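Student: This is a predicted model, with the sequence first.
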Amino acid sequence: MLPDSKLTYNELSEWYLGLGSVKNLASYERIKIVLKHFKEKFGNRVAGTVTQAELEDYQAERLKEIMPTTLDTETITIKTMSNKCFENDKVDARTLKTFRRLKRKAKPGAHIRRRTLALDEYKRLLTTAPTYLKNILVFLMNTGCRPGEARNLKWSYVDRKEGFIRFPEEAVKENKPKSIPINHHVKRVLDSIPRLLHCEYVFIHNGLRFRNPKFARWAFESSCNRAGVSFGRKKDDGLTLHDIRRTAKTNMVRAGIADIYRNALLGHAMEGMDKYYVIVSDADLRRAMTQYTEWLEAELQNVDQTVDQTAAAKT
């Protein structure tokens, strides 16, 4: 940074958020919220004048409101912005060093979740959720998509002719295109949603897209409470929308889908030499999705039969 530079963190954040490479990120709205909190504390400060002790105090304040794993995600976001500013001569190495010294607050492995959505819980949620949330739940369970991918799903990604959802590289975390076959459950959901002229996004509420990264969180929490399902990261065995992605992949294992096809459907990277020598075709993905769909339908039918037998025994 030049000696006479007076750039504040408000100005640096505005520059960073205006970059095309940042705007195209699926996490853009989340980044804006993280930087908003940071600017409330340091926005008017000139870059380089904030000390490490002040940043650590800021972390301590945020820990009163958010989980350590969430704070670590925020810290990574702020570090990423500082790195980009340094690479573009907006700040000097001393500023960069201050941010790089910030330590993670979560214990190693604390971010790992093991919660999956049981099929009887899924059935109950479908009865308590409002229609727009029910559509989202069905979509997530039948695709394994992240909630953020569902929130940012555009009609232009829906390839009805071939029966696929085609995510471009900028729309997914892995930064590579991903194709997911549309089974008849997802097709029914897509057919039930009106395509509005003023909105390019698929999942909407009251005619508007979901802008908040806490995608449908409040409706999901209410639905969980009504369905008798523990909700949230802070509760023992609490459920989050993202846990449905883990559920889908776990269920694909139970359905006997090969690892290569599971990874391709969810967008996970192949390991070893497979990533160089294995080519997964649309036909492969269709067969895997059909196998998963048939397994899921059979298991849900078993849940219904169990419920009916339990009800009959009580009477």
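Tutor: Right, received. Where do you want to start? Numbering: from 1, shown residues only.

Student: who's in contact with stretch 266-279?
Tutor: Here stretch 266-279 makes contact (Cβ atoms under 8 Å, 6 or more residues apart in numbering) with 144, 167, 172-174, 176, 178, 245, 248-249, 260, 262-264. Quick note: C-beta positions are derived from backbone N, CA and C, even for glycine.

Student: Now for the nearest residue to His205 once chain neighbours are set aside: which residues touch it?
Tutor: Counting by Cβ to Cβ, 6 or more residues apart in numbering, His205 lies nearest to Tyr132, which is 5.2 Å off, once chain neighbours are set aside. In this structure, Tyr132 makes contact with 203-205, 216, 219, judged by Cβ under 8 Å, 6+ apart.

Student: can you check Ala264 too?
Tutor: Residues in contact with Ala264 (Cβ under 8 Å, 6+ apart) are 270, 280, 284-285, 288.

Student: in stretch 131-148, what's buried?
Tutor: 133-148 (16 or more other Cβ atoms under 10 Å).

Student: Please read the previous query as pertaining to stretch 223-237.
Tutor: For stretch 223-237, the neighbour count (16+ other Cβ under 10 Å) marks 223-224, 227, 229, 231 as buried.

Student: Give me the mean pLDDT for stretch 39-50.
Tutor: In this model, stretch 39-50 has a mean pLDDT of 91.

Student: Can you show me the CA trace of that stretch as CSV?
Tutor: Provided in CSV are the C-alpha atoms of stretch 39-50 (Å, rounded to 0.1, in the frame of the first residue of the first chain):
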residue,chain,number,x,y,z
LYS,A,39,-17.8,-2.9,8.4
GLU,A,40,-20.0,-2.1,11.4
LYS,A,41,-17.0,-2.4,13.5
PHE,A,42,-14.1,-1.3,11.3
GLY,A,43,-15.7,0.2,8.2
ASN,A,44,-14.4,3.8,8.8
ARG,A,45,-10.9,2.6,9.8
VAL,A,46,-8.0,3.1,7.3
ALA,A,47,-6.6,-0.3,6.2
GLY,A,48,-3.5,-1.1,8.3
THR,A,49,-4.6,0.7,11.4
VAL,A,50,-6.6,-2.2,12.8
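
Student: can you give me how far it is from the chain middle?
Tutor: 30 Å (Cα atoms, centre = their mean, to the nearest Å).

Student: for stretch 59-66, same thing?
Tutor: For stretch 59-66, the distance to the chain centre is 22 Å (Cα atoms, centre = their mean).

Student: likewise stretch 64-71?
Tutor: That offset, for stretch 64-71, works out to 17 Å (Cα atoms, centre = their mean).

Student: Span of it from start to end?
Tutor: 10 Å (Cα to Cα, to the nearest Å).

Student: How about Thr143: what's its closest non-neighbour residue?
Tutor: In space, Thr143 is closest to Ile180, 5.1 Å off (Cβ to Cβ, 6+ apart).

Student: Likewise for Lys154?
Tutor: Glu200 (4.9 Å).

Student: My guess is the one you found contacts Leu153. True?
Tutor: No. Applying Cβ atoms under 8 Å as the test, Glu200 and Leu153 come out as separate, 9.7 Å apart.

Student: Give me the more crowded residue out of those two.
Tutor: Taking neighbours as other Cβ atoms under 10 Å, Glu200 and Leu153 compare with Leu153 leading, 23 against 13.

Student: Return the helix or strand in the protein with minimum mean pLDDT.
Tutor: Least confident helix or strand, the chain: helix 274-277 with a mean of 68, by mean pLDDT, DSSP states H and E.

Student: Just the buried residues of the helix or strand that that one is followed by, please?
Tutor: Later in the chain than helix 274-277, the nearest helix or strand by DSSP states H and E is helix 282-314. Of all the residues in helix 282-314, those buried under the rule 16+ other Cβ under 10 Å are 284-286, 288-289, 291-293, 295-296, 300, 303.
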